[in-house]
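**Student:** coords please:
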Amino acid sequence: MTTDFQTFEVRRRIKARPRTVYGLWTDPKRKEAWFCWDANGWTHEGYSADLTEGGHEKVRFTKDGVGSFGYAAHLFHLRPETRLVYGYTMAGQSGPISVSQATVTFAPTADGTEVIYTEQVVFLDGQDSLENRVPGCEDVLNRLKQAAEEMADA
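**Tutor:** This next block holds a predicted model:
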């Protein structure tokens, strides 16, 4: 049994107002569209979310040849257009892979918003690593950026 504690940060400058970017993160239908985007052989099923303080988010991601992974989150703190803090677990078919706390801040800039995503994660029993997690989070934030910048009020 091993535990590997790590912290990392991903930043994105988005040409959309904080209200728009924060709204994409806290509206369940909009979040599913960018967060659960099916591509590169990945699919999702069973998305459910109550993206309010104290709420939850759950989904299962699957890819042939890789397997199926469950994501379950609990939203601890939301400050509209400014910050959200949540915890989440990733689990595979044999059990938990990781447990994380994530903080997302939304700071206004001259041309939009700077999003800073900070994750404190413990990888369990060597089942995942920063080499996998960071690119996954970068991809998620790239999809958020694309969705926000495509909106009419960007």
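
**Student:** tell me which helix or strand residue 47 sits in.
**Tutor:** Element membership for residue 47, per DSSP states H and E: strand 42-49.

**Student:** contacts for that strand next, please.
**Tutor:** 28, 31-32, 36, 38, 55-63 (CB atoms under 8 Å, 6 or more residues apart in numbering). The way it works is simple: take the backbone N, C-alpha and C, and place the C-beta from them, glycine included.

**Student:** the inter-axis angle of the next helix or strand after that strand versus strand 42-49?
**Tutor:** Downstream of strand 42-49, the first helix or strand assigned by DSSP H and E is strand 56-63. On the basis of axes from the mean of the first three to the mean of the last three CA atoms, to 10 degrees, strand 56-63 is oriented at 170 degrees to strand 42-49.

**Student:** and for residue 111, nearest residue in space, chain neighbours not counted?
**Tutor:** residue 15 (5.5 Å; CB to CB, 6 or more residues apart in numbering).

**Student:** dump the residue contacts of residue 71.
**Tutor:** 57-61, 88-90.

**Student:** biggest helix in this structure by residues?
**Tutor:** helix 130-150 (DSSP state H).

**Student:** flag every buried residue along that helix.
**Tutor:** 133, 137, 140-141, 143-145, 147-148 (16 or more other CB atoms under 10 Å).

**Student:** chain center to the lengthiest strand in the chain, what's the gap?
**Tutor:** Secondary structure assigned by DSSP state E gives strand 95-109 as the longest strand of the chain. The chain centre lies 7 Å from the centre of strand 95-109; the measure is CA atoms, centre = their mean, to the nearest Å.

**Student:** cool, stretch 60-76 as well?
**Tutor:** With CA atoms, centre = their mean as the basis, stretch 60-76 stands 12 Å off its chain's centre.

**Student:** so which bits of that stretch are buried?
**Tutor:** Under the neighbour-count criterion of 16+ other CB under 10 Å, stretch 60-76 has 60-61, 69-71, 73, 75 buried.
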